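> Just a sequence and a predicted model for now, questions to come.
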Amino acid sequence: MGKPKGKTSKVKLGNKASNKKTNKNVGANKYQEKFQSAKIKAGKFKKKPAINKKELMNGKIDYSRYKPEDDHDVDDMLESDEEDDMKSYLKQNANDMSFLSKSLDKNSDGMKSYEAQPRSYSNVHKETDLKDDRVDLLPIKGATGLIRRKGERIEEQDNENKDRDGPEENNLLPIMEKEPMSVIEILAAHREQVVQKKLQIAQLSMDIVENPYEKISQLKHLLKLAEKDEPLTIRKLSLLSMLEIFKDIIPSYNIRELSDDEQNAKVSRDVKKIRDYEQNLLKAYQRYLQSLEENIKVCKKFVKKSRGSSAHHEKQKKSMASLVITSMKCLAELIKNLPHFNFRKNIINVLIPNIELSQDLEEAGQICSKAIKETLLADYNGHIALDVVTIIQNLAKSKPTLSPLVLETLLCLRVDADLVHATEEKGNKIERLKAKREAIKKMSRKERKRKKVEDKLNQELQEVEAVESRDKIGKTHTEILKRLFVIYFRVLKLGFKSDLLGITLRGLARFSHSSILISLVIS
């Protein structure tokens, strides 16, 4: 058991409280003594009587007796101390001061001279938004120190001049901010742009060929890259890429336009998907052909009318000629590989008149001539040949002087003489139907039914397989020969001075085996 704590007496507690008050008062007394001694040294105050001990013990000191006679004496004393410190500092560090500080030190009346200077109202103008006609200039060093200068303010331009010159200055600002690029940097940027667009063309082509039903809409991006705003290399590459795409995805049949009833009719999802694909493909193919035709027309006009002799002009001329050649190659490949597809007549109508091209575009003319000849040699049914002969016939009517190269293509026509003779022997359709009716009458009932079923099946097979009968082919070849002889006779009417006479006689010698020639001569 520990010793129990005793109670503190009231006397001890009172002494403890009085000691605390005494310590506080002693600290205050020390501060007052120091404060008073400083004032006495400065000669500002008279010495005051000491603090009464009774007041100190009771904690009730009347500080009013020790208050300075003047409230500003303390401030004056502190200011004088600061001035003394500043002067001593300037003397000790005189070598490190600037020319302004040195001049102030030499001139004891620096403050007075500064006060004598006129007051600046720059701050007043800023605060009150007043307009000062004079502005501050850079100061100069004088004998008495730093001299401040004033200058006349330059008047601002009128609002009209601001409005007139403002846009031009604004337009020039971005140009001034940009650093001029060197020739090497420009070429490098152009090359980088071409590389990026080549990669874009390759990616688009791969996507379309991989899934044409889903990606057919991306053909519009390739068509955009073939526009005249793009570099020539990109335009040519885009045209050639689309050529290969169309050769790969175009079906082996002719797409016909849907009627209004067919478009409004309800069909299955698969049928609708195929129809949408076909219509989108047809629109893109049409836009592609229009782009090729526009390139040929514009570039031909530029090449024929250009008469400049400078190196830049010749280079531009060759670039346009190369674009014409590329466009012709695309059309030639289309007519050779896709003669069954839509817009065949449009392609032939562009190729045949351009066979006559010469000089800078002679290569393009040779491409057209070669394409027509190869197409005619591969045409057995005669549909393409009939289109070619019809277009040349119309061209001969509108243009009396044709090029021999145009008529030379007609020597490649494949006309089957046997089919023509068979068609002539069978006569017209009415006579053949009469003969068929007589043959049916001689058949029995079973034979008639069997014949009817066979004819219906053969007709359906011909429609599905697109196999035409010999009679239809023979009729087409007969029409070709009729139009061909009309062209030759038109040339013969021009006389022996015509350059087309030699090629015309060669054509007559080649196709004169038909009795059509005799009927035309007689008529």
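Thanks, I have the structure now.

> When you work out contacts or count neighbours from here on, use the C-alpha atoms and nothing else.
OK.

> Name the residues of stretch 374-393 that come out as buried.
374-376, 378-393 (16 or more other C-alpha atoms under 10 Å).

> What of stretch 337-352?
Leu338, Pro339, His340, Phe341, Asn342, Phe343, Ile347, Ile348, Asn349, Val350, Leu351, Ile352.

> Also stretch 203-212?
Buried-residue list, stretch 203-212, by 16+ other C-alpha under 10 Å: Leu204, Ser205, Ile208, Val209, Pro212.

> Now do the helix or strand hosting the second one: which elements does it pack against?
In this case it means Ser205. Using DSSP states H and E, Ser205 sits in helix 183-210. With contacts taken as 3 or more C-alpha pairs under 8 Å, 6 or more residues apart in numbering; DSSP states H and E, helix 183-210 sits against helix 212-215, helix 219-225, helix 232-249.

> Adding mean pLDDT as columns, could you present these in a markdown table?
As requested, these are exported to a markdown table (pLDDT from 0 to 100):
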| stretch | mean pLDDT |
| --- | --- |
| helix 212-215 | 91 |
| helix 219-225 | 93 |
| helix 232-249 | 93 |
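
> Where does pLDDT dip in the stretch 1-150 of the chain?
1-8, 10, 20-133 (pLDDT under 70).

> try 80
Applying pLDDT under 80 to the stretch 1-150 of the chain flags the ranges 1-138, 140-146, 148-150.

> so Lys141 sits in a strand?
Yes: assessed with DSSP: H, G, I helix; E, B strand; the rest coil, Lys141 lies in a strand.

> Compute the distance between it and Val135, please.
Here the criterion is C-alpha to C-alpha, to the nearest Å. By it, Lys141 lies 19 Å from Val135.

> again, but for Leu232
60 Å.

> if you count what's nearby, which of those two comes out ahead?
The residue with more neighbours, out of Leu232 and Val135, is Leu232; 17 against 12, by other C-alpha atoms under 10 Å.

> what about that one, distance to Ser306?
19 Å.

> Give me the helices and strands touching the one helix or strand Gln393 maps to, please.
Secondary structure assignment for Gln393, by DSSP H and E: helix 383-398. Where contact means 3+ C-alpha pairs under 8 Å, 6+ apart, helix 383-398 is packed against helix 344-351, helix 362-378, helix 470-492.

> State the mean pLDDT of the helix or strand following the longest one.
In other words, helix 470-492. Sequence-wise, the next helix or strand downstream of helix 470-492 (DSSP H and E) is helix 501-511. Helix 501-511 comes out with an average pLDDT of 86.

> Other residues contacting helix 501-511?
Contacting residues not belonging to helix 501-511 are listed as Pro404, Leu407, Glu408, Leu410, Leu411, Leu481, Phe485, Tyr488, Val491, Leu492, Gly495 [C-alpha atoms under 8 Å, 6 or more residues apart in numbering].

> With respect to pLDDT, which of the residues you listed ranks lowest?
At the low end of pLDDT for these is Gly495, which has 70.

> Report how many residues lie close to the closest residue to that residue other than its chain neighbours.
In space, and not counting its chain neighbours, Gly495 is closest to Leu501: 8.0 Å by C-alpha to C-alpha, 6 or more residues apart in numbering. Other residues within reach of Leu501 by the criterion other C-alpha under 10 Å amount to 18.

> With Phe489 as the reference, measure out to Leu501.
10 Å.

> Ile384 is in contact with Pro339, correct?
Yes: between Pro339 and Ile384 there is a contact under C-alpha atoms under 8 Å: 7.5 Å.

> okay, and the common contacts of the two?
Thr375.

> Can you give me the domain assignment for this protein?
Domains of the chain are assigned by the TED database as 186-356, 379-421+442-522.

> Please dump those into JSON lines; it should also carry distance to Cys368 for every row.
Listed next are the domains of the chain as JSON lines, based on distance: least, C-alpha to C-alpha, whole Å:
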{"stretch": "domain 186-356", "distance to Cys368": "5"}
{"stretch": "domain 379-421+442-522", "distance to Cys368": "10"}
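
> Where among those domains is average confidence lowest?
Ranked by mean pLDDT, the domains of the chain bottom out at domain 379-421+442-522, with a mean of 78.

> these two touch, right, Lys345 and Leu386?
No: in this structure Lys345 lies outside contact range of Leu386 using C-alpha under 8 Å: 10.2 Å.

> Distance to Asp276 added to the helices and strands packed on helix 383-398, as TSV?
Shown next, in TSV, are those (distance: least, C-alpha to C-alpha, whole Å):
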stretch	distance to Asp276
helix 344-351	22
helix 362-378	31
helix 470-492	33
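
> Who are the packing partners of the helix ranked longest in the chain?
Criterion DSSP state H: the longest helix present in the chain is helix 269-305. Contact here means 3+ C-alpha pairs under 8 Å, 6+ apart; on that basis helix 269-305 packs against helix 212-215, helix 219-225, helix 311-337.

> Format the ones you listed as CSV; extra columns: distance to Ser259.
Shown next, in CSV, are the helices and strands packed on helix 269-305 (distance: least, C-alpha to C-alpha, whole Å):
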stretch, distance to Ser259
helix 212-215, 22
helix 219-225, 25
helix 311-337, 27
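
> nearest to Gln459, of these?
helix 311-337 (27.5 Å; C-alpha to C-alpha).

> Compute the inter-axis angle for the closest one and helix 383-398.
Helix 311-337 and helix 383-398 are oriented at 130 degrees to each other (axes from the mean of the first three to the mean of the last three C-alpha atoms, to 10 degrees).

> circling back to that earlier point, now do the helix holding Gln393 against helix 344-351, angle only.
Using the same axes, to 10 degrees: helix 383-398 against helix 344-351 is 50 degrees.

> Give the other helices and strands that the following helix or strand past helix 383-398 contacts.
For helix 383-398, the succeeding helix or strand toward the C-terminus, using DSSP H and E, is helix 404-408. Counting contacts by 3+ C-alpha pairs under 8 Å, 6+ apart, helix 404-408 packs against helix 501-511.

> and the angle from the helix it packs on to helix 470-492?
150 degrees.

> how about helix 501-511: buried residues?
For helix 501-511, by 16+ other C-alpha under 10 Å, it's Leu501, Ile503, Thr504, Gly507, Leu508, Phe511.

> Serialize these to TSV and add fields for distance to Lys451.
Formatted as TSV, the buried residues of helix 501-511 follow (distance: C-alpha to C-alpha, whole Å):
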residue	distance to Lys451
Leu501	53
Ile503	49
Thr504	48
Gly507	44
Leu508	43
Phe511	38
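
> Lys224: which of the residues you listed is nearest?
Looking across the buried residues of helix 501-511 and measuring by C-alpha to C-alpha, the closest to Lys224 is Ile503, at 43.9 Å.

> Quick check: the residue nearest to Glu408 when sequence neighbours are not counted vs Ala396, distance?
Of all residues not flanking Glu408 in the chain, Ile503 sits nearest, at 6.5 Å (C-alpha to C-alpha, 6+ apart). Distance of Ile503 to Ala396, computed by C-alpha to C-alpha: 14 Å.

> ok, now Lys304?
Distance from Lys304 to Ala396, by C-alpha to C-alpha: 23 Å.

> Looking only at neighbour counts, state which of the two leads.
Counted by other C-alpha under 10 Å, Lys304 and Ala396 do not tie: Ala396 has more neighbours, with 19 against 12.
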